[in-house]
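Peer 1: what would the 3D arrangement of this be:
(chains A and B)
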Amino acid sequence: MFYEKKQDPALRFGDIVTGFILTTPEIKTPIIHIKDKLYNIDVNLSSFSVILTPCCSIGQNQVTLTPLLQLNIDRTLFRVPYFVEDMLRINFEVEPVKAIPPAKWERLEKEEQNEIIKAKNTFAYLSYFIYDGNEHLPEYSFKIGNDEITTNQYLIDFRRSYTIKCEDIVTSKNAPLHSKILQLTVPIRNQLREKISYYYGRIPAEDTCY
Amino acid sequence: MTVTKKISHGTGSHESSEEYKIITYSIGIYEVKVRLTPSDKFVGIEEVKVNQDFLSHKQKIAKKGLIDLEKYYRD
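Peer 2: Here you go, the predicted structure:
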């Protein structure tokens, strides 16, 4: 089960909430000198956002969120038959050989193909987590090639997280609970925690000597 | 539980060849490989190792042999 039937009276990590504005500052280049002071701030009232603050840290009049996005924001998702069958597979580690678009696989050298076949299970689309459909989430349609796809699954992108100050968020329980739409079940919340931990915990090659 | 069959040949003037099997048991966070005779008589412990599934996030990330899939999604 993806969403809890009975929600906790508290804001939780992974909750879908509504009513929080989404701000996206945009600059051409870092503003070091006063003459470079060109910037835009996009402000939207996002229909739905997901809480990324860990449960124990929700409070002190602020919360970290990321917007719920439609799947067609990244059309490459639909090049992998294994994910088209079940998008929720993106949320956990999979056999690498199943996660590669067939068109790309055919162009790989035999040696690289063998390396992939022998490799350990790993996460695909590292910055994404898929949210399953639910009656509270509106359906939408889009075309991929000649196929018309209608879904109410959404995704979040860890790269798009932002922090918002909200006077009403005092603790996770003393918070605007009327903004809460859906709560993940414990196993799914664990999946989200595992994937986002992996996303932030990757060690780049240049740091591995420490 | 997995079973592997091996043939062991001793050294020295009294060579003896004996067939044995190796069975892997999961015990807590460990995987224990136990050597048994074909008639299931205990011979010894072949290997004890940590079950990879019990590794912490940090340990899992640090393990080698992972493929970076992201490059296959870029045009």
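
Peer 1: what strands flank the longest strand along chain B, and is each parallel or antiparallel?
Peer 2: If you go by DSSP state E, chain B has its longest strand at strand B:17-27. Counting by DSSP bridges, the strands paired with strand B:17-27 are strand B:3-9 (antiparallel), strand B:30-36 (antiparallel).

Peer 1: next up, the contacts around the closest residue to A:Lys37 other than its chain neighbours.
Peer 2: Spatially, and ignoring its direct neighbours in sequence, A:Lys37 is nearest to A:Ile31 (5.6 Å; C-beta to C-beta, 6 or more residues apart in numbering or on different chains). Quick note: C-beta positions are derived from backbone N, CA and C, even for glycine. A:Ile31 sits next to A:37-39 when contact means C-beta atoms under 8 Å, 6 or more residues apart in numbering or on different chains.

Peer 1: could you do A:Ala10 as well?
Peer 2: A:55, A:58, A:172-173, A:175, A:177.

Peer 1: which of the residues you listed sits closest to chain B?
Peer 2: If you rank those by distance to chain B using C-beta to the nearest C-beta, A:Cys55 comes first, at 17.0 Å.

Peer 1: and the closest one, how far is that from A:Ile27?
Peer 2: Remark: distance between A:Cys55 and A:Ile27 (C-beta to C-beta, to the nearest Å) = 33 Å.

Peer 1: these two: which has the busier surroundings?
Peer 2: More crowded of A:Cys55 and A:Ile27, by other C-beta atoms under 10 Å in any protein chain shown: A:Cys55, with 16 against 12.

Peer 1: unless I'm mixing things up, the more buried one is touching A:Val63, no?
Peer 2: No - look at A:Cys55 against A:Val63 with C-beta atoms under 8 Å: they stay out of range, at 11.1 Å.

Peer 1: need the overlap of contacts for those two.
Peer 2: A:Leu11.

Peer 1: pLDDT weak spots in chain B?
Peer 2: B:1-18, B:52-66 (pLDDT under 70).

Peer 1: can you rerun that using 90?
Peer 2: For chain B, the stretches with pLDDT under 90 are B:1-31, B:38-40, B:46-68, B:71, B:74-75.

Peer 1: how about the residues of chain A near chain B?
Peer 2: Taking C-beta under 8 Å from any C-beta of the partner chain as the contact definition, chain A meets chain B at A:76, A:79, A:96, A:99-101, A:104, A:115-116, A:119-120, A:122-126, A:194, A:197-198, A:201-203.

Peer 1: buried sites along the longest strand of chain B?
Peer 2: Neighbour counts over strand B:17-27 (16 or more other C-beta atoms under 10 Å in any protein chain shown) mark B:20, B:22 as buried.

Peer 1: CA atoms only for that strand, dumped as CSV, please.
Peer 2: Extracted as CSV, the C-alpha positions of strand B:17-27 are listed here (Å, rounded to 0.1, in the frame of the first residue of the first chain):
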residue,chain,number,x,y,z
SER,B,17,39.8,-37.7,-1.5
GLU,B,18,36.5,-36.9,0.0
GLU,B,19,33.4,-35.3,-1.5
TYR,B,20,31.7,-32.7,0.7
LYS,B,21,29.0,-30.1,0.3
ILE,B,22,28.9,-26.4,1.4
ILE,B,23,25.6,-25.1,2.7
THR,B,24,25.0,-21.3,3.3
TYR,B,25,22.9,-20.3,6.3
SER,B,26,21.6,-16.8,7.1
ILE,B,27,22.0,-16.2,10.8
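
Peer 1: contact partners for the spatially most central residue of chain A?
Peer 2: Nearest residue to the geometric centre of chain A (C-alpha atoms, centre = their mean): A:Ile156, 2.4 Å. Residues near A:Ile156 by C-beta under 8 Å, 6+ apart: A:50, A:66-69, A:128-129, A:131.

Peer 1: again, only using 7 Å
Peer 2: Contact analysis of A:Ile156 by C-beta atoms under 7 Å, 6 or more residues apart in numbering or on different chains lists A:50, A:66, A:68-69, A:129, A:131.
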